[in-house]
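Asks: structure of the sequence below:
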Amino acid sequence: MKKTLALCLLSLMLLLTACGSNNGGNTPKNAPTNTPATTNNAPAEEPVNNAGEEAPTLTPEEGAELVVWDSKNQRAVLEELVAEFTAQYNVPVKIEEVESPDQVGKLTIDGPSKNGADVVTFPHDSLGAAVSAGLILPNDVFEEETRKNNAESAVNAVTYAGELYGYPRSVETYGLFYNKDLVTDVPKTFDEVVKFAEGFNDTAAGKYGLMWEVQDFYFNYPFIATNGGYIFGSNGEDPSDIGMNNEGAVKGLEIFKSLKAILPIASGDITKDIIESKFASGDIAMTITGPWKVGDFRKLGINFGVVPIPTLDGSPAISFSGTKAWYVNSYSDYPVAARLLANFLGSKESQLKDFAATGAIPANTEAMKDPAFIADEIAAGIAAQFVNSNAMPSIPEMGKVWDPGAAALADIWNTDITPKDAIDNAVQQISDAINGATN
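Replies: Here you go, the predicted model:
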């Protein structure tokens with residue numbers, strides 16, 4: 001299994017790299033020169049490079065000193081990385097512990113007052129709020145390099161309104177987790193999942209071939225997207241174009257509804273705790289979840305593996321994915337040094353060290369082909385699914401999707417309503433909520 005997965009992953013990464021090389025090619029915009037430190041509370045101005053001129057070699061501002069924010073559990077590896085950066089650029093870097101999900105809110109206050117970090121890191125679904133508030137600078141000088149070196153899904157995730165802002169750090173999505181003691185021939189299609197479950201299930205004993213959170217819209221996005229459905233148009237940035245109820249999405253939701261035949265349980269009775277307990281006891285053979293559960297499953301002593309989600313109608317299942325990236329504070333007094341640090345922390349070498357220390361899945365395509373990474377079956381399985389994923393929309397309107405989406409899934413699973421009627425209702429609710437919020 002490991003050898004086969006490794007070969008498949010190598011092929012996927014080579015293809016991805018070839019495709020990704022066509023994403024860049026533009027002369028970097030607003031390439032900075034050695035800009036003096038700002039002395040007021042306005043955001044740092046972006047130095048302009050004359051069109052057509054080669055971008056200058058970057059040199060940190062004289063006397064530059066940087067602050068970087070990161071979560072507490074990342075401190076050890078970050079200390080190693082910033083020490084290497086300081087040795088190379090002679091720029092001291094101070095680390096302050098701020099949890100990633102809290103950084104945009106904190107930067108909103110600390111940025112204008114000049115108390116914010118020069119380089120920050122947060123999940124991509126906070127990007128829209130950060131850009132709208134003018135908190136971060138575009139990734140302009142290193143744009144071509146970033147696009148070339150990282151998975152397309154990761155680059156798209158840290159792009160907002162057509163502008164690249166992030167320096168990708170790591171990625172995550174979910175996959176098919178299976179108990180190796182129960183599953184020897186891992187299903188590659190949902191038809192094979194159904195066939196396995198028909199032979200494995202014992203409903204009287206509470207045993208099922210596959211159990212997952214059927215009411216969580218996040219985990220069931222593949223049924224929307226694999227046949228051509230989508231949340232918002234224009235790569236998730238146009239809330240006026242909702243594609244959750246197009247023909248492809250409805251087709252996928254019909255497959256979703258049919259799976260109740262192998263999991264005849266009300267959606268409200270399927271919880272995270274029940275799934276974890278049954279997976280540990282061997283009462284379920286497979287589940288769909290993400291890398292955040294790896295530590296828990298290992299502590300429970302489960303002999304498990306991870307592969308991409310089974311195909312739907314012959315097409316690779318498209319999951320939701322998230323990307324964590326580094327960003328440059330627009331109020332930084334040292335925007336050149338900060339750009340250099342963000343790019344350094346997002347490099348292949350830095351991502352591999354982060355993976356070795358914390359298990360974070362690299363966004364860098366060369367890092368994904370590294371032998372040390374490929375040898376890790378769990379990480380490689382998640383990475384193989386990431387290739388077939390869509391970044392969650394980062395616009396604020398995405399917040400209007402979760403509840404109606406979950407309600408539609410519950411109706412489809414638990415009642416006789418047609419998938420078409422249920423998802424039409426959800427789309428109307430989402431549209432009304434978005435229009436009500438903007439009027």
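Asks: what ranges do the helices span in the stretch 201-350 of the chain?
Replies: 221-225, 233-236, 247-258, 272-281, 294-299, 335-345, 348-358 (DSSP state H, counting those that start in this stretch).
Asks: any idea which of the ones you listed is most buried?
Replies: Mean neighbour count (mean count of other Cβ atoms under 10 Å) peaks for helix 221-225 among those, with a mean of 27. Where you see a C-beta, it was placed from the backbone N, CA and C, and this is true even at glycine.
Asks: nearest to Y167, of the helices of the stretch 201-350 of the chain?
Replies: Set against Y167 and scored by Cβ to Cβ, those come closest in helix 335-345, at 4.4 Å.
Asks: quick one: that closest one to chain centroid distance?
Replies: 22 Å (Cα atoms, centre = their mean, to the nearest Å).
Asks: from the contact counts, what lies against that helix?
Replies: Packing partners of helix 335-345 (3 or more Cβ pairs under 8 Å, 6 or more residues apart in numbering; DSSP states H and E): strand 66-70, helix 75-89, strand 119-123, strand 167-172, strand 319-329.
Asks: how about the strands of the stretch 51-200 of the chain, start to end?
Replies: Along the stretch 51-200 of the chain, the stretches classed as strands by DSSP state E, counting those that start in this stretch are 66-70, 93-97, 119-123, 136-137, 159-160, 163-164, 167-172, 175-179.
Asks: neighbouring strands of the second one in the sheet, and parallel or not?
Replies: Each strand that strand 93-97 pairs with, and the sense of that pairing, follows from DSSP bridges: strand 66-70 (parallel).
Asks: who touches the strand it pairs with?
Replies: 78, 82, 91-98, 100, 103, 106, 116-121, 332, 334, 337-338, 341, 345 (Cβ atoms under 8 Å, 6 or more residues apart in numbering).
Asks: what's the angle from that strand to helix 75-89?
Replies: 160 degrees (axes from the mean of the first three to the mean of the last three Cα atoms, to 10 degrees).
Asks: can I get strand 66-70 as PDB, trimmed to CA atoms?
Replies: Output in PDB follows, covering the C-alpha atoms of strand 66-70 (Å, rounded to 0.1, in the frame of the first residue of the first chain):
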ATOM      1  CA  LEU A  66      11.400  41.900  13.400                       C
ATOM      2  CA  VAL A  67       8.700  40.400  15.500                       C
ATOM      3  CA  VAL A  68       6.800  37.200  14.400                       C
ATOM      4  CA  TRP A  69       3.600  35.800  15.900                       C
ATOM      5  CA  ASP A  70       2.900  32.100  16.000                       C
END
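Asks: that older thread, mean pLDDT and mean neighbour count added to the strands of the stretch 51-200 of the chain, as JSON lines?
Replies: Output for these, formatted as JSON lines (pLDDT from 0 to 100; neighbours: other Cβ atoms under 10 Å):
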{"stretch": "strand 66-70", "mean pLDDT": "97", "mean neighbour count": "24"}
{"stretch": "strand 93-97", "mean pLDDT": "97", "mean neighbour count": "16"}
{"stretch": "strand 119-123", "mean pLDDT": "95", "mean neighbour count": "26"}
{"stretch": "strand 136-137", "mean pLDDT": "98", "mean neighbour count": "26"}
{"stretch": "strand 159-160", "mean pLDDT": "91", "mean neighbour count": "22"}
{"stretch": "strand 163-164", "mean pLDDT": "96", "mean neighbour count": "18"}
{"stretch": "strand 167-172", "mean pLDDT": "94", "mean neighbour count": "26"}
{"stretch": "strand 175-179", "mean pLDDT": "98", "mean neighbour count": "24"}
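Asks: nearest to D238, of those?
Replies: Across those, closest to D238 is strand 159-160 (Cβ to Cβ), at 12.8 Å.
Asks: and the closest one, what does it pack against?
Replies: Right, strand 159-160 is packed against helix 127-132 by 3+ Cβ pairs under 8 Å, 6+ apart.
Asks: who does the helix it packs on touch, helix- and strand-wise?
Replies: Against helix 127-132 (3+ Cβ pairs under 8 Å, 6+ apart) you get helix 103-110, strand 159-160.
Asks: name the stretch among these that sits most buried.
Replies: Highest mean neighbour count among the helices and strands packed on helix 127-132 (mean count of other Cβ under 10 Å): strand 159-160, a mean of 22.
Asks: for that strand, which strands pair with it and how are they oriented?
Replies: Going by DSSP bridges, the partners of strand 159-160 are strand 163-164 (antiparallel).
Asks: gap between the strand it pairs with and the chain center?
Replies: For strand 163-164, the distance to the chain centre is 17 Å (Cα atoms, centre = their mean).
Asks: is it true that Y208 touches L263?
Replies: Yes: the pair Y208 / L263 is scored as a contact, 5.6 Å apart, by Cβ atoms under 8 Å.
Asks: what is the mean pLDDT for stretch 376-390?
Replies: The predicted model gives stretch 376-390 an average pLDDT of 90.
Asks: pLDDT weak spots in this protein?
Replies: Scanning the chain for pLDDT under 70 picks out 1-56, 437-439.
Asks: quick one: Q385 from E172, how far?
Replies: 10 Å (Cβ to Cβ, to the nearest Å).
Asks: just L66 next, same as before
Replies: 27 Å.
Asks: now K207
Replies: From K207 to E172 the distance is 30 Å (Cβ to Cβ).
Asks: P92 too?
Replies: 32 Å.
Asks: cool, and L253?
Replies: 25 Å.
Asks: likewise for G305?
Replies: 18 Å.
Asks: wait, P362 touches K353, no?
Replies: No: between P362 and K353 there is no contact under Cβ under 8 Å: 10.0 Å.
Asks: hey, what's in contact with both of these two?
Replies: Common neighbours of P362 and K353 (Cβ under 8 Å, 6+ apart) do not exist.
Asks: distance of the residue of the chain most remote from its centre from T189?
Replies: Here the centre of the chain is the reference, and by Cα atoms, centre = their mean the most remote residue is A204, at 38.3 Å. Remark: distance between A204 and T189 (Cβ to Cβ) = 28 Å.
Asks: also S170?
Replies: From S170 to T189 the distance is 29 Å (Cβ to Cβ).
Asks: and K106, by the same measure?
Replies: Distance from K106 to T189, counting by Cβ to Cβ: 46 Å.
Asks: that'll do, ta.
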